[in-house]
Every structure is written in C-alpha cells, then in structure tokens.
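K.L.:
give the three-dimensional model of this entry:
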Amino acid sequence: MTQSFQLAACAEMLWQDKPIEWRAARLTERGLGVGLWNYPDHDLSSLEAVGANYTIMNGYLQGRLTDAEGAETLIASARETAQVGKRLGVDRLNLHGTGLGDGGIPIPQHGVFAPGMMQRARDTLHRICDMAEEEGVVFTLENLNPWDHPGCPFGSTADVLELVSTVNRPQLRINLDLYHTQIGEGDLTRWCEACLPWIGEIQVADNPGRCEPGTGEINYAGVARALHKMGYTGPVAMEAWAANDSDAALDVFVAAFTL
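P.N.:
Residues are numbered from 1 along each chain as shown. Here you go, the predicted model:
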C-alpha cells in the first residue's frame, strides 16, 4: 500500500496544549505537510526554523470580493500576506468570499445576492490573480457551509466552482473542503469530479463534529478510492479536531488515504 496523495494536516487543530512550532515539527516528523490559519497569531521566525512544508495558510486578514472598498482592502491584505507566504514557503494562500469573524461568522453577512455580485467577484479574483502572478504565489478559494458560516457570499461548492472555473487562471485554485460540501450539498464524489480540473487542495473532516475520518457519516476510504480512480494525486489535508488523541487521529486519516 502506498500514499497516493500529498498528505497534510492543520496544525492549529491538533495537540492543543503544545506550541505551534512543536506541532509543525511533529507533523513534519510524521512526513506530513503543515496547514496554518492566521499568521499574526504566531512567531514567524520560530515557524521558519522548523523547516516544515507549509501547505496552506489564510491568504488575507480582511476584505471582501464584491464591493469596491472591500476589494481594495482584500487585495492589499492578500499582497501583504503573500510576503509572509513566500517567507515560509507556503504552497497555497486561502481566500473566502468575505472576512470571517469570531466563530467563523462572515463579515458582513449577505442573506440575498444582488445582481452583478458574481461578476464583481470575478473581477476582484482576476485582480488577485494579477497580483499573485507578480508575486509568484497561488491562491485558493474555499467553499464553506451555510450552518457554520451563515450568510457567507459564494460559500457553496457550486459558487466556488463557478468562480474559479470562469476565472480559469493558474494563480487561483479551489480549496475543496469536503466537510463543508457534505453539510451544504452532499454527493461528494460528483463534486470532486466536477471540481477536479481546478482543485488546488482537498480538505477533510468527518461530519458531524468536524473530527478525523471514521468519527461520523462520511466514507472517506471510499472517497479516497474515487479520487484515485479520477487520477487525483494532489494535496489532501485533514482540517479536523482530534476526537481524543491527535496522533491516533492522524493514524486514521493517513490510513484512509493510503491505497
């Protein structure tokens, strides 16, 4: 049996009693890439010294896709974050439709989508891609679910696919979070097939509970086989809490994605 995918895990959700650089080093010891959330929470020199493969990081601190002021803020924030990403060697910088506040609640919330919002979002993403091309970085746009992140514009898998596929530039990929897809739409295998040409990373957690594979309703071993059959060999990251022991949770994750 071999690992058919590039496996990683979100350091901020594991070993909650340990410093972040310890967690990054432990994941590296296990041969896994390291996902991060917001860089201002950490000492960059300490993370840099670990020498980890940092696979993904939040690609902005504030801003929005669909209005002029929010777009300017987003692009400025993303450019600043790109410098941090290059310093750490981060593979992908992650975006959402708008900023997320405490508990993941979107800022602002949009209950109704006005005409023209999709086109304005595309225009902003093209500007992000122009900047990314200048800086030599890659961004991803992540889908979210409507229960944990109510009112997030362009949060659905369908919206993210439409935006990324119509922008269709190598500087912008999909961060396909299957935990969110399961809650928002289900039908994971077909969504993987639909998104396949634009996937930059796949993230996984079981539902309910957002813990490691095997703690909920999703057949991740089946998803892994389906991805392998499609020819996907890219990054798969566990963005999940450990139900009990973090190392045991990673063992289960690695086993599910080892074919």
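K.L.:
quick one, helices of the stretch 1-150 of the chain?
P.N.:
20-29, 44-50, 68-88, 117-135 (DSSP state H, counting those that start in this stretch).
K.L.:
please identify the most buried of those.
P.N.:
Counting by mean count of other CB atoms under 10 Å, helix 20-29 has the highest mean neighbour count of those, with a mean of 20. Backbone N, C-alpha and C define where each C-beta goes, glycine included.
K.L.:
helix or strand for Val254, which one?
P.N.:
helix 246-256 (DSSP states H and E).
K.L.:
quick one: low-confidence ranges for this protein?
P.N.:
Across the chain, the ranges flagged by pLDDT under 70 are 1-3, 98-115.
K.L.:
which SS state does the residue nearest the centre of it fall under?
P.N.:
Of all residues in the chain, the one closest to the mean position by CA atoms, centre = their mean is Asn175, 4.6 Å from it. For Asn175, the assignment made with DSSP: H, G, I helix; E, B strand; the rest coil gives strand.
K.L.:
contacting residues for it?
P.N.:
By CB atoms under 8 Å, 6 or more residues apart in numbering, the residues touching Asn175 are 56, 92, 94, 140-143, 200-201, 203.
K.L.:
closest to Asp123 among these?
P.N.:
Leu141 (14.2 Å; CB to CB).
K.L.:
how near is that closest one to Asn175?
P.N.:
In this view, Leu141 and Asn175 are 7 Å apart by CB to CB, to the nearest Å.
K.L.:
which neighbours do the two share?
P.N.:
Counting by CB under 8 Å, 6+ apart, the residues touching both Leu141 and Asn175 are Asn94.
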